[in-house]
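**Student:** return atomic coordinates for the entry below.
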Amino acid sequence: MNRSIYVRAPGPLPDLPPNTTRPINDQDDAALADLMERAYAGTVDEDLGGNNDGAVEIADWRRHAAQHSSFVAAGLVAASLISLQDNEFWLGYVITHPDWKGRGLGTAVVAASLRTLDAPVFAAVTDGNTSSERLLERLGFTPVQR
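**Tutor:** The predicted model follows:
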């Protein structure tokens with residue numbers, strides 16, 4: 001599956017409603033794994049890295065996690081997981097429970113993550129994942145060649 005790379009330089013972000021997000025903590029992993037499986041079911045990214053197991057994906061993310069820049073929406077219905085790889089910050093996952101899509105929670109958690117970083121942030125999006133492409137563009141990401 002082809003993926004497009006996006007980057008966002010530091011800059012202004014939309015205001016967030018108060019108490020919408022909180023930083024991720026170590027006790028969130030099981031809920032994040034379940035959220036990932038639910039969010040990706042039936043989508044172009046359903047294979048979850050080829051293993052269909054959210055727990056494996058979360059454990060893999062943890063090896064490169066920039067936890068201080070990773071956020072969840074209240075109730076753990078959306079998450080933005082940031083990774084640090086080769087001295088670059090990557091938006092590793094944006095996940096929203098299907099019942100909560102379209103309410104701006106993906107935008108809120110990614111904006112919360114971006115607020116903590118004073119560096120470019122990269123994202124890889126599976127071609128055809130138009131909702132992720134729109135979210136990134138809304139937050140100022142632009143496609144790049146790498």
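**Student:** going forward, measure contacts and count neighbours with C-alpha atoms only.
**Tutor:** OK.
**Student:** surely residue 118 is in a helix?
**Tutor:** No. Per DSSP: H, G, I helix; E, B strand; the rest coil, residue 118 lies outside any helix segment and is coil.
**Student:** hmm, residue 10 and it touching each other?
**Tutor:** Yes. At 5.7 Å, residue 118 counts as touching residue 10 under the criterion of CA atoms under 8 Å.
**Student:** compare these two (neighbour count), which wins?
**Tutor:** A direct count of neighbours by other CA atoms under 10 Å for residue 118 and residue 10 places residue 10 higher, at 15 against 10.
**Student:** tell me, how many residues neighbour residue 105?
**Tutor:** 25.
**Student:** list the residues that contact it.
**Tutor:** Residues in contact with residue 105 (CA atoms under 8 Å, 6 or more residues apart in numbering) are 73, 78, 96.
**Student:** closest to residue 111 out of those residues?
**Tutor:** residue 73 (11.3 Å; CA to CA).
**Student:** can you report phi and psi for that closest one?
**Tutor:** Taking degrees, to the nearest 10, you get phi -80, psi 150 for the backbone angles of residue 73.
**Student:** for the contacts of residue 105, which one is nearest residue 41?
**Tutor:** Closest to residue 41, out of all of those and judged by CA to CA, is residue 96, at 11.3 Å.
**Student:** give me the low-pLDDT residue ranges for this structure?
**Tutor:** Counting by pLDDT under 70, the chain has low-confidence residues at 1, 44, 46-52, 146.
**Student:** could you pull out the helices in it for me?
**Tutor:** 29-40, 54-62, 105-115, 130-138 (DSSP state H).
**Student:** how about the closest residue to residue 119 other than its chain neighbours, what does it touch?
**Tutor:** Closest residue in space to residue 119, ignoring its immediate chain neighbours: residue 10 at 5.8 Å, by CA to CA, 6 or more residues apart in numbering. By CA under 8 Å, 6+ apart, the contact set of residue 10 is 114, 117-120.
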